[in-house]
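Visitor: What follows is a protein structure lacking sequence information:
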């Protein structure tokens, strides 16, 4: 069974002379339970693909299939129960005036759950936050704790697919390790399918089995993580990215 | 090696409702004609240290030190007016995002020229010649064209190179770079760093490079201070970073995912409360 | 940090905690912290004190007033205030003097505070709510709805406020209720603009995207997610505008289109005193001072509230 199937996806902003093509003819497929990474530099269109899947990009064309079903336009509630997204900046993705409890209970009630209290405790437990965090406001949380809350919110409707938009790039490296471990555990526990976007090849290499490299809105190469580690690449741009990332990591 | 900057027992304090918060707690170091890296996570006080040297901490924040001297001359006792002369002419600072540091309604050339003419009384023509030469020095291919551009017309990498040009044109003795490349893509990062490196070396300046990125700092600096909770927990030569002994430094290094060494789970840093209270190491 | 905490009494520590244990606790704690920052601003506290005094005075006007504000005594007309040297020492009462019909100015001022409060409350309820509704709907919906709503707002904004209010009162008929209605009708457009501008920045933020991804509809997003963020800046704006609203009401009263005689509305009192301003300064000055004091109080409080409520002030 296929988790995410994308073919001939084009996303653009503006019209006529002002038209900017953010994604051009993208093709990727993630098996159910798989984890797929999109890498590229800023402006390469990697986050735009996620937004197009979630229905946050206004103009797109092509085929997007989730769990073997084409997506509806606009996305229905069933879609949002199956697919959820974690945003890049946990400082911007939580409402500044809503407590953790408000965030989670609103999400749960929107999806029609009844046993909200027990579910909130379970969710907080799942993401490694104790019950003492339940009534805190975002400004009382650290960046890593905020991202855990954002992950709990995404897990609330019990989705099968999680889209991760640079989930650790706004965090310190020690916190990044905690969040990456959490994501690994959650995937094993809930049998989740991941589609992750990052500019950091090491992060993507850690989480994902298959990786697509994007440049200027196009997917230039798709390769397995083993090939990437062994530098078995076809495209010069992939090679260039790998080299700069190894160079900065080697010290 | 002559000492450009000497800092002894530097404290930065912020009074809050629940008592005084110490952002920097007793940091001591000296800087010669070298590249000194200051590494730490958010909240470790690394940026505050950089700002405190330039006395850019805004009230109600307080800067205290036993000694803060630039080439043997005291910095703490100077008036705000005298400090303004120090900033730019003797110590300059590059911030994280060029988008916020360049004036959006002024042409690039005019901004650099102003930075120069603020400190040196020269004719406009001379200043322009100097500006173009400086733009060339930061590897901008068509300086005449960039001279006439507005900040929003240049890319992030070029913006940061323009910032470097602007900060270096008054010929300062020390440059403080606070996360100068973290807003840039990896491939551009290296290029900007190389330019900065070359200029600093050629001019015999001292560089303080503040970053959260251990590997970047170790590949780029001569010496590294590692900060945690407002203190320096360890100081070591950059090429010996991987032989670091302090558990915090080791923990940071191990928590990074690595392409060449895959593992199922990453090591998580276990914070020891003792790290925050132990004596600051001087560097 | 922790040292100071342990010395505090239980309730204060409970309110200052960073780890609230229930919904009510969390709300109480955040209110208390806001109150603490407001308390630190002495000028705002002064403003709040004056306004509280105004409310008390309005509630107890019948007890506090030395005499009936409507009783005339032509024999004692234009009596100077008690400290004036040229006052006949035999006259009793009339601490702040009397007006051209021999009415006690102090009593009239005290009763007039009720009218001022009435105007302020009604306008504060109507204008910002209309503005908030129009602004957030326009900002969130975008497209043609935005264009229509904002052009209507522009039309209202294009007229000078007092002139527009005059036109409304002229059509609706003079009187205090119509004055309030007219002022509200002219006061809402700036709020709509502010609310729209805030909505435009909020609606593209990740936390709004996140709740959309839970399947929330536009009504829910506007009322539960956008309003709470707009309201703080509107509250600030309303308190700062209150002075202007009081002055507009007084202006209408002054022109004879607001409160009608013999109502002790402060603006109408100034208008009556205008005829005697050269020889009997107190008739116009006393209500003028009252308007000045209350306007200043609202401004001071508004300034303080901005420091506490405005999230853009870099506190968070």
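Guide: Received the coordinates, thanks. Just so it is clear, the model here is predicted, and its values are computed rather than measured.

Visitor: Let me see the contact set for the residue most central in space within chain A.
Guide: Centroid-nearest residue in chain A, with Cα atoms, centre = their mean: residue A:164, separated by 1.2 Å. For residue A:164, the contact set (Cβ atoms under 8 Å, 6 or more residues apart in numbering or on different chains) comprises A:85-86, A:183, A:194-197. Just so you know, the C-beta spots here come from the backbone N, C-alpha and C atoms, and that holds for glycine as well.

Visitor: Spell out the secondary structure type for it.
Guide: The three-state label given to residue A:164 by DSSP: H, G, I helix; E, B strand; the rest coil is strand.

Visitor: and of the contacts of residue A:164, the nearest to chain B?
Guide: Nearest to chain B out of the contacts of residue A:164 is residue A:183 (Cβ to the nearest Cβ; 10.7 Å).

Visitor: Quick one: mark the members of the contacts of residue A:164 that sit in strands.
Guide: A:85-86, A:194-197 (DSSP state E).

Visitor: Those: which ones sit near chain C?
Guide: The overlap between those and the neighbours of chain C (Cβ under 8 Å from any Cβ of the partner chain) comes to residue A:85.

Visitor: So the residue nearest to residue B:83 when sequence neighbours are not counted: helix, strand or coil?
Guide: Nearest non-adjacent residue to residue B:83, counting by Cβ to Cβ, 6 or more residues apart in numbering or on different chains: residue B:55, 5.2 Å away. Three-state assignment for residue B:55 (three-state DSSP): coil.

Visitor: gap between the nearest residue to residue C:104 once chain neighbours are set aside and chain B?
Guide: Ranked by Cβ to Cβ, 6+ apart and with sequence neighbours excluded, the top spatial neighbour of residue C:104 is residue C:67, at 4.7 Å. Distance from residue C:67 to chain B, counting by Cβ to the nearest Cβ, to the nearest Å: 49 Å.

Visitor: Could you do residue A:144 as well?
Guide: Note on residue A:144: its distance to chain B, by Cβ to the nearest Cβ, is 10 Å.

Visitor: Within range of chain A, give me the residues from chain B.
Guide: Taking Cβ under 8 Å from any Cβ as the criterion, chain B approaches chain A at residues B:41-42, B:156, B:185-187, B:189-190, B:212-216, B:218-219, B:241-242, B:251-252, B:255-260, B:262, B:264-269.

Visitor: Select from the residues you listed every entry located in helices.
Guide: Taking DSSP state H as the definition of helices, the residues of chain B next to chain A contribute B:156, B:186-187, B:189-190, B:214-216, B:218-219, B:251-252.

Visitor: Pull out the buried members of those residues.
Guide: Buried residues within these, counting neighbours by 16 or more other Cβ atoms under 10 Å in any protein chain shown: B:156, B:186-187, B:189-190, B:214-216, B:218-219, B:251-252.

Visitor: I'd like to know which of these is nearest to residue B:116.
Guide: Minimum distance to residue B:116 across those is 23.8 Å, recorded for residue B:156 (Cβ to Cβ).

Visitor: got a list of what the closest one touches?
Guide: By Cβ under 8 Å, 6+ apart, the neighbours of residue B:156 are A:42, B:98-99, B:183-185, B:188.

Visitor: In JSON lines: these, plus neighbour count, pLDDT and distance to chain C.
Guide: Output for those, formatted as JSON lines (neighbours: other Cβ atoms under 10 Å in any protein chain shown; pLDDT from 0 to 100; distance: Cβ to the nearest Cβ, whole Å):
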{"residue": "A:42", "neighbour count": "12", "pLDDT": "81", "distance to chain C": "17"}
{"residue": "B:98", "neighbour count": "24", "pLDDT": "73", "distance to chain C": "21"}
{"residue": "B:99", "neighbour count": "15", "pLDDT": "74", "distance to chain C": "17"}
{"residue": "B:183", "neighbour count": "19", "pLDDT": "77", "distance to chain C": "18"}
{"residue": "B:184", "neighbour count": "23", "pLDDT": "78", "distance to chain C": "22"}
{"residue": "B:185", "neighbour count": "19", "pLDDT": "78", "distance to chain C": "22"}
{"residue": "B:188", "neighbour count": "20", "pLDDT": "79", "distance to chain C": "25"}
